[in-house]
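J.: Sequence and predicted structure are below.
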Amino acid sequence: MKRAVSLWRVCGVAVVLAGQMMVAQTPAAKPKPKAAAAKPGMAVWTPEVQKTLGVSQENFGAEGLNKLTKAQLTALLVSARPDPGKHLLTCPASGTVPAGRVRVYLTVSGDDSTGMIAGEIKQAVGSLTGVDVVDTQAAADRVLNVVIQEQTINKRTIGFTASYLTGTPCSEDIAEKKTDVEMKGTLGTYTDPKGADLARDLAGMLDHDLQSLRVGGAK
């Protein structure tokens, strides 16, 4: 009996120890796997990749760019950049042909439902010395954009406000693709002009703005 009790106690200890072992070996929650670090010498995302290739940091690996070496990615970025030698901005030269004449393209929008104001401005601009009003921007040396706003009191028209912006029509060639661009010039506003005064004010401003072209033509 003593021997049996002794064995039971030993077995009891063994059971307890086994239980302790089982508790100790219960696996803890696995940590989330960390993103694999880039191998030395391999390509990594940079803001230039976003700017040149249009690939975000999140899509860098999905596009397979992380499999390139740094040298290969650099070569890809260089090849994707526009060739500076093919980036050309062409604008009308001062002193256009025929010498001493300047071609102007005019646009008028806003509160001019009858077109009367646009007609007055076109006539005033066309009467300037050495100025030809043309029908397309591509044929012009200078552009005059005008926006008209009606001024009223008690629903009665008392005059108009004209906001204007001059510009120089140019063409830009980038990687053999040609687009029309406009170099902004003089910006201003005339407040409360009436009738033909509006057209004369704008024509006077444009006459002064065109002096740089006329000086070039006189050389």
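T.: Great, that's in hand. Numbering: from 1, shown residues only.
J.: low-confidence ranges in this protein?
T.: Residue ranges of the chain with pLDDT under 70: 1-38, 79, 82-87, 93-100, 175-176, 192-195, 215-219.
J.: Show me how the record splits it into domains.
T.: Split into domains by automatic domain parsing, the chain comes to 47-81, 89-218.
J.: Of those domains, which is nearest residue 39?
T.: Nearest to residue 39, of all the domains of the chain, is domain 47-81, at 9.2 Å by Cβ to Cβ. For the C-beta atoms, the positions are set from N, CA and C on the backbone; glycine is no exception.
J.: What are the buried residues along that closest one?
T.: Using 16 or more other Cβ atoms under 10 Å as the test for burial, domain 47-81 gives 49, 52, 55, 60, 65, 66, 68, 73, 77.
J.: Max pairwise distance over these: which two?
T.: 52 and 66 (16.3 Å).
J.: next structured bit after the top strand by length along the chain?
T.: Once the chain is assigned using DSSP state E, the strand that runs over the most residues is strand 156-174. Using DSSP states H and E, the helix or strand that follows strand 156-174 in sequence is strand 177-190.
J.: What residues sit buried inside that next one?
T.: 185, 190.
J.: For that strand, C-alpha coordinates in PDB please.
T.: What follows is strand 177-190, C-alpha atoms only, in PDB (Å, rounded to 0.1, in the frame of the first residue of the first chain):
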ATOM      1  CA  LYS A 177       4.100  66.600 -79.600                       C
ATOM      2  CA  LYS A 178       3.000  70.100 -80.500                       C
ATOM      3  CA  THR A 179       0.500  72.100 -78.400                       C
ATOM      4  CA  ASP A 180      -0.700  75.700 -78.500                       C
ATOM      5  CA  VAL A 181       0.100  77.800 -75.300                       C
ATOM      6  CA  GLU A 182      -0.400  81.400 -74.400                       C
ATOM      7  CA  MET A 183       2.200  83.500 -72.600                       C
ATOM      8  CA  LYS A 184       0.300  85.800 -70.300                       C
ATOM      9  CA  GLY A 185       0.900  89.600 -70.600                       C
ATOM     10  CA  THR A 186      -0.900  92.600 -69.200                       C
ATOM     11  CA  LEU A 187      -3.800  92.100 -66.900                       C
ATOM     12  CA  GLY A 188      -6.100  95.000 -65.800                       C
ATOM     13  CA  THR A 189      -9.600  96.400 -65.400                       C
ATOM     14  CA  TYR A 190     -11.400  99.500 -66.500                       C
END
